[in-house]
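**Student:** Got a predicted model here, sequence first, then my questions.
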Amino acid sequence: MSEEKETNKINNLSFKTKIVNNENVLLLLIEVANNKFVMKITDTDAIGDGLYKEEWTKEEFQKIHRCFKMFENINEIFEQIKTLIQKKQYLINFDENSTILKFTLDAIIFEKENIDLNLKRAEMSEKDIIGQLCEKVKLLNIKCNQSNKSQLLNKLNSNIILNEDEYNMINDFIQEKIKLKVLEWKKIFTATKDGDTAENFHAKCDGIEYTVVLVKTKRYKRFGGFTKNKWNHNNGGYSNDPKTFLFSLTTMDIFNRNDNGNETQGNKAYGPWFGSGPDFQIADKCFTVNSTQNKKCFNYPQNELYPLAESSNFLVKEYEVYKVEFEPKSK
C-alpha cells in the first residue's frame, strides 16, 4: 500500500489525504465535529455508492480499545490517528459485500495490538458524487499520461520507479559521487522474473561494480541503495565504500553514509545487504520471508523510526538491480 498526499491542511482539526490501496484510489477525511471524531473514506471506483463513514465519541473509542483511555479528549485522539495515517501505519480491507470498510491501525503505542475501526457504507449526496466523478477524471488523465511514458522510463522498464524525478534524484547523486556522467542503467535482476531467492540474486549480480538496488515492499514503500562495491556471495564480510548511499522514493530523500564504514555485505544467505545495522537486508525468499531494516551506518532524519520500509520487518513485493555505466574519463 502506498499513499499520495493530497492536502495536509489542518483547519479546525481536519485532515484530508489520498490513499492508493491495492491500486484502488480512496479519499480519506478525518475531522472533529460536535466533539466527535468523524472518518469518511470515498472509493473512487464505486461511483455513487462508494462512501464509507463513521463517527465516535471519546467514550466510544474507549470501548474499542483500552489504550484510548490515555487521551484526555477527542482532539488528542484525532492528532494521534492523524500521525499514524501520515506515517502510513494502517491497513484497509472491505468485507465480502463491500458494506463494511475495516480501517486497521497498526500502531506500536497500542500495546502492539492492531485496532480496527469499522466504517459502514453511507448514502452519497450529489456533491459527494460530483466530487467523486471529478477525482475519477483526474485519475484517468494520470493513467493516460503514464501510458505515454518518456523514452527514458520505457528503456528503464522499472516496476518501482514511477517518474523521471525519482530517476533523476538518484542519478544526479550518483554523478556527484563518482564525478562521471552516467550513460545508462542496465537492468540485471528483477525478483518477480528471476526469482526471490538469495541464490538467484547472487547468480545475476555477483562480481558487478556500480549497482543500484530498488525495493518495493508489500505495503508499497519504495527505497534502495547505490554502491560501487561488488556483490560477492563468498565474501560474508563487510565492505567499505564512501560512494555508497541509500534513498527513499516514498519521501524523496537521500541518506549519506556515516564514517563507520561497513556499507555493504556479500552473504550467500541474503540478497542485497546495506550497512551493519543492517540498514536494510533483503532476505532469502523475500516475498514470503521477512527482510529487515535497522538504522546504523547511514544518516537519517532525527527521530525517524523507520526511514525506509514500514517497519523493522517487511515483506518485499518487488526488487530490481541495475548496473550503472559511465562515460569514459576524458584524456
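**Tutor:** Thanks, I have it. On a predicted model such as this, the values are computed, not experimentally measured, just so you know.
**Student:** Residue 285: what's it in contact with?
**Tutor:** The neighbourhood of residue 285, defined by CB atoms under 8 Å, 6 or more residues apart in numbering, consists of 196-197. (Each C-beta comes from the backbone N, C-alpha and C, glycine too.)
**Student:** and residue 72, how many neighbours does it have?
**Tutor:** Other residues near residue 72 number 9, with proximity taken as other CB atoms under 10 Å.
**Student:** How about residue 284?
**Tutor:** One way to gauge burial is a neighbour count; for residue 284, by other CB under 10 Å, it gives 17.
**Student:** State the phi and psi torsions of the closest residue to it other than its chain neighbours.
**Tutor:** In this structure, residue 284 finds its nearest non-sequential neighbour in residue 198, 4.1 Å apart by CB to CB, 6 or more residues apart in numbering. When quoted as degrees, to the nearest 10, the phi and psi of residue 198 stand at phi -60, psi -40.
**Student:** just residue 152 next, same as before
**Tutor:** The main-chain torsion angles of residue 152 are listed as degrees, to the nearest 10 and equal phi -60, psi -50.
**Student:** for residue 61, same thing?
**Tutor:** phi -60, psi -40.
**Student:** what distance separates the start and the end of stretch 40-50?
**Tutor:** As for stretch 40-50, its first-to-last residue distance stands at 10 Å under the measure CA to CA, to the nearest Å.
**Student:** average pLDDT for it?
**Tutor:** Here stretch 40-50 scores 84 as its mean pLDDT.
**Student:** on that earlier part again, quick one: the residue nearest to residue 284 and residue 269 touch, right?
**Tutor:** Yes - taking CB atoms under 8 Å as the definition, residue 198 is a contact partner of residue 269 at 5.9 Å.
**Student:** what about these two, which has more around it?
**Tutor:** For the pair residue 198 and residue 269, the greater number of neighbours falls to residue 198 (21 against 12), based on other CB under 10 Å.
**Student:** on that earlier part again, which residues are common contacts for residue 198 and residue 269?
**Tutor:** By CB under 8 Å, 6+ apart, residue 198 and residue 269 have these common neighbours: residue 284.
**Student:** Kindly provide the distance from residue 287 to residue 249.
**Tutor:** Per CB to CB, to the nearest Å, residue 287 is found 20 Å from residue 249.
**Student:** quick one: which of the two has more around it?
**Tutor:** The residue with the greater number of neighbours, taking residue 287 and residue 249 and applying other CB under 10 Å, is residue 249; the counts read 24 against 17.
**Student:** got the phi/psi numbers for that one?
**Tutor:** Its backbone dihedrals place residue 249 at phi -80, psi -20, with angles given as degrees, to the nearest 10.
**Student:** Contacts only, for it.
**Tutor:** 160-162, 166, 214, 222-224.
**Student:** can you list the weak-confidence ranges in the stretch 51-200 of the chain?
**Tutor:** Scanning the stretch 51-200 of the chain for pLDDT under 70 picks out 107-112, 142-149.
**Student:** what pairs with the helix or strand hosting residue 187, and is each one parallel or antiparallel?
**Tutor:** Taking DSSP states H and E as the definition, one finds residue 187 inside strand 182-190. In the sheet containing strand 182-190, the strands it pairs with under DSSP bridges are strand 316-326 (antiparallel).
**Student:** those strands in the stretch 151-300 of the chain, which residues are they?
**Tutor:** 182-190, 211-217, 222-227, 238-239, 245-248, 253-256, 264-265, 270-274, 280-283, 291-292 (DSSP state E, counting those that start in this stretch).
**Student:** ok, residues contacting the second one?
**Tutor:** Looking back up the chat, that one is strand 211-217. Counting by CB under 8 Å, 6+ apart, 158-161, 170, 174, 185, 188, 205, 222-227, 231, 249, 272, 274, 280, 282, 308-310, 314-324 sit against strand 211-217.
**Student:** switch the cut-off to 7 Å
**Tutor:** With contacts defined as CB atoms under 7 Å, 6 or more residues apart in numbering, strand 211-217 is touched by 158, 160-161, 170, 185, 205, 222-227, 272, 282, 309-310, 314-324.
**Student:** still on that earlier bit, would you single out the least confident of the strands of the stretch 151-300 of the chain?
**Tutor:** For the strands of the stretch 151-300 of the chain, the stretch scoring lowest in mean pLDDT is strand 238-239; its value is a mean of 89.
**Student:** Please verify my assumption that residue 324 contacts residue 210.
**Tutor:** Yes - proximity of residue 324 to residue 210 meets the contact threshold set by CB atoms under 7 Å, at 4.4 Å.
**Student:** next one: the lengthiest helix in the chain to chain centre, how far?
**Tutor:** Selection of the longest helix in the chain by residue count, based on DSSP state H, yields helix 126-147. Between the centre of helix 126-147 and the centre of its host chain there is 23 Å, according to CA atoms, centre = their mean, to the nearest Å.
**Student:** Equivalent analysis for stretch 261-281, please.
**Tutor:** 20 Å.
**Student:** Need the distance between the two termini of that stretch.
**Tutor:** With CA to CA as the measure, the first residue of stretch 261-281 is 16 Å from its last.
**Student:** Show me which positions of that stretch end up buried.
**Tutor:** The neighbour-count criterion (16 or more other CB atoms under 10 Å) identifies 262-267, 270-281 as the buried residues of stretch 261-281.
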